[in-house]
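In: Dropping a prediction and its sequence here:
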Amino acid sequence: MAGRIYFKTSGRKIEIGPEGEAHILRTSIRYEGGLPYRCAGGRCGTCRVYVEEGMDNISPVGKAEIDRLGDMLKEGYRLGCQTYAYGDCTLTWDPEQSKLPPLPKLREFWEKRGANTGYKSQVGGT
C-alpha cells in the first residue's frame, strides 16, 4: 500500500514508494524531512515523534521504544529510528530536540546511500 509521511513540523511530505513501507528516520534523512536524530539506534530518543494521525499505518512497538519511551507510547509517541510507516501518517516533534547535531559519521553514511527513486518529496500543502 502506498501512502505519504507528513513531517508536519518541517512541512515536508514524502510519498511512500510502491514497496509500501518506509523507515521513518531514514526517509527523513534522505528526503530532508527535518526529523532530528543523533544516535539512530534507539538509545538517545532524539528522533522521538508524536503520531498525530495514522497510528494504524505504523509498525508495532519494539523493545528499544519500550525502554526509551515507556508510558509516552500510550500517548502516541514513537522513535523514528525504530519505526516504519505503511501508509498515510502525520508526525510532529518538538523543535528543541534538534539542539545536538547528528553524529557526523551517520550523516555521511546516509548521504552516501542516496535516494530511493520510489519516493517523492513535497514541501507544504496537504
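Out: Right, received. Where do you want to start?
In: The most centrally placed residue in the chain: what's it in contact with?
Out: The C-alpha lying nearest the average C-alpha coordinate of the chain belongs to residue 24 (C-alpha atoms, centre = their mean; 2.9 Å). Residue 24 sits next to 5, 35, 47, 49, 78, 80, 81, 83, 84, 85, 91 when contact means C-beta atoms under 8 Å, 6 or more residues apart in numbering. Bear in mind the C-beta positions are built from the backbone N, C-alpha and C, glycine included.
In: and of those residues, the nearest to residue 56?
Out: residue 85 (10.7 Å; C-beta to C-beta).
In: separation between residue 69 and residue 90?
Out: Distance, residue 69 to residue 90, by C-beta to C-beta, to the nearest Å: 19 Å.
In: Sorry, wrong one. I was asking about residue 37.
Out: Counting by C-beta to C-beta, the gap from residue 37 to residue 90 is 19 Å.
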